[in-house]
Each structure stands twice: as structure tokens, then as C-alpha cells.
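Visitor: return atomic coordinates for the entry below.
(one chain, ligands or ions: 2)
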Amino acid sequence: MTDSFGGIVVEGLARSFGPVQAIRTIDFQAPPGEVTALIGSNGSGKTTLMLILASLLAPDSGTVRVAGFDPVVHPAEVRRRVGWMPDTLGTWESLTASEVLRTVGALYGMSPADRSRRADELLRTVNLTEFGRQAARVLSRGQQQRLSLARALIHDPEVLLLDEPASGLDPGSRLELRTLLRSLAAAGKTVVVSSHVLSELDEIADRAVFVSRGHSVKTQTLDEAGSQLRRYYVQAQPMSALADTLRSQEIRFETRGDSRREEFLVQLGSTAEASWLLRTLVLAGVVVTAFAPAGGALEETYMSLDTDRL
Ligand SMILES: Nc1ncnc2c1ncn2[C@@H]1O[C@H](COP(=O)(O)OP(=O)(O)O)[C@@H](O)[C@H]1O
Ligand SMILES: [Mg+2]
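Guide: Ligands and ions are numbered 1, 2, ... in the order given. Now for the predicted structure:
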């Protein structure tokens, strides 16, 4: 009934809604102890996949194991082990933040003392203690996201499925989310987060699964992402001096921007190559005014995917 690998294993998954093929073929693994990012544009099938993993939607075909259990055959076992954070707080908004958590605790069969203790603890974890007695509807979008995350954690699940958890968060809250998710992974949980905004997940995730139009198109660990070819943008005054030096070093570049704010893009294989180029430019007398990676590591992978073929 269970297999030794906890976490999540999905093979050959498909699910349609009438004529709409929300998931065509998804292969996906999320190991315990890591944060796995599910990345794809709107409509690519992320929420559908997460609903299937949470046992809230049945697949048409394929195999799924969550913490060793098949969500179709053993939905209760899966729900006990999974914390699900939907992309909105939903119909809970007339309860106070503390009531939301205690009510869900009751649904999981926790005693009144346990759920009240756990609610206080989680309000502290997500920095909402001062809002415990406030109606959830008066919370800001970011605060509601944090409450929704606390709700997903109430029964201390071993698998966490978080749908777009960083959306609507200010940079400070995003940083806190990152710290919290990293500590949950370090405690051995399986954490899956989805996003259509690549840069949100760059520093949160250990690995990324890219989905496009219902297909999983690539899986990559962040270590792999960090060692791939990466684009840097460079600016100098004047740009012509930069162009001359790049040509003399036989380094190809693309031009981006307009005449008022022009920049060159170069492809470099490693950070060592980047620092070599910067030193070379400076030693050649080029006045470098900007030199930085053009995007995060995941973004570079995404840009390199030929998703149109699918
Ligand atoms: N209940 C549903 N009925 C009909 N179509 C749906 C339903 N849920 C999702 N879809 C469609 O399936 C596709 C994938 O949706 P979704 O999984 O929500 O994508 P994502 O979360 O990546 O934005 C979309 O084309 C969406 O319109
Ligand atoms: Mg979605």
C-alpha cells in the first residue's frame, strides 16, 4: 500500500474537463526535505495537478503517490498527511483568524485544548498574533495568504501543497515565507509551491518542474540551474568603447534597450567567466557602469525552453 519513498511521485498523469485538456502528460517528483517549485504560465495545469495531489479531483489516467498513498484509492490517508493552501482564503472570511484555525483543527479531530494551542502557535509562526481576534476579511491580501498558510499547517502535515503562496506578498513577507518554507523542508517535509512568476521562487526552491500547456517539460535542480549558461547585461560609458573591447575579445553580444538606455547582453558560462570579463573590460579602460545577471537562474532555464514545440 505504501512505498518507501515518501514525498510525491506522479507518472503519466492526464486530466481533461470536457474538451479542455488541463493536464496532457505530467511526470513529477517531489522528494521529502526539499522545496519543489511548479512553474508555468496561467492555464498550464498547476492548480489541476495540485487538486489531484490533494485528493480533491480524480485524474483520468496515470499513477499518483502522495506520502506513499494513491489519492484515488486512499483519499482519507492522503488528506491526513497533506496540507493544502488554495490560492484564495475562500469562504472563511467572517470568522476571526484564530477561529479559522481552530475550526479547521476541529475538522481534523483535534481536542479543543490542542487546537487552541496550535492556533496560537501558528499565528505566531506567520506573524499574525495581533490579528488573532480580527475578522479574517479585514486582513490584507498578504495577511490572508499567511493565514491560509497557517491553516494548511494546522495538522502538522508531512506534505505541503501551496498554490501561488507568494502572490500578493510584499517583499518582507516573501522573505518570511522563504524562511518558513526552508525550515519546513529542513524538518523533512515535502513542500510543493506553484507560481507563474519565476523570480518569486528562485530563492525558495531546491528544484523546479516546468509545466507548459499540461505537459511537464523539464525538471531541474537549482544547482544545475546555477551552473548553466547565463545572460549578463553590461553598460558602459561610452557604449562604443564597450562594443570595441567585446569585439576584440571575440565575445558576441546582443543590444537591448533604446539609444537613451542601451545595454548589451552577453552569454557567460559561469561566475568565474563573468568576473574574468569584468576585469578584462576594466583593465582595457572601459568605464563599466552596470554588470549583472539578466535574470534569475530559473528564468534563464525558462527562456531556454522551446515551449512552442509542445
Ligand atoms: N473545473 C474546470 N472546468 C473546466 N476547465 C477547467 C477547470 N479547471 C481548470 N480548467 C482549465 O484547465 C486549464 C488548466 O487550468 P489550471 O490548472 O487552473 O492552470 P494554472 O493553475 O496553471 O493556471 C485551463 O485551461 C483552465 O481553464
Ligand atoms: Mg492556478
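
Visitor: residue 68 and residue 159, how far apart?
Guide: 10 Å (CB to CB, to the nearest Å). For glycine as for every other residue, the C-beta is placed from the backbone atoms N, C-alpha and C.

Visitor: quick one: which of those two has more around it?
Guide: Per other CB atoms under 10 Å, whichever of residue 68 and residue 159 has more neighbours is residue 159, with 22 against 18.

Visitor: verify the contact between the more buried one and residue 7 for me.
Guide: Yes: counting by CB atoms under 8 Å, residue 7 is a contact partner of residue 159 at 7.2 Å.

Visitor: which residues do those two both contact?
Guide: 67, 190 (CB atoms under 8 Å, 6 or more residues apart in numbering).

Visitor: gap between the closest residue to ligand 2 within the chain and residue 290?
Guide: Residue nearest to ligand 2 within the chain: residue 47 (3.2 Å; CB to the ion). Noted for residue 47: a distance of 38 Å to residue 290, by CB to CB.

Visitor: related to what we said a few turns ago, apart from its chain neighbours, what residue comes closest to the residue of the chain closest to ligand 2?
Guide: Of all residues not flanking residue 47 in the chain, residue 163 sits nearest, at 5.7 Å (CB to CB, 6 or more residues apart in numbering).

Visitor: that's a helix at the residue of the chain closest to ligand 2, yeah?
Guide: Yes: with DSSP: H, G, I helix; E, B strand; the rest coil as the criterion, residue 47 is part of a helix.

Visitor: CA atoms only: put the helix or strand hosting residue 291 into PDB for me.
Guide: Under the criterion of DSSP states H and E, residue 291 resides in strand 287-293. Below are the C-alpha coordinates for strand 287-293, written out as PDB (Å, rounded to 0.1, in the frame of the first residue of the first chain):
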ATOM      1  CA  VAL A 287      34.100  52.700 -17.900                       C
ATOM      2  CA  VAL A 288      31.700  49.900 -16.800                       C
ATOM      3  CA  THR A 289      28.500  51.400 -15.200                       C
ATOM      4  CA  ALA A 290      26.400  48.200 -14.900                       C
ATOM      5  CA  PHE A 291      27.200  44.500 -15.000                       C
ATOM      6  CA  ALA A 292      24.800  41.900 -13.600                       C
ATOM      7  CA  PRO A 293      22.900  38.700 -14.400                       C
END
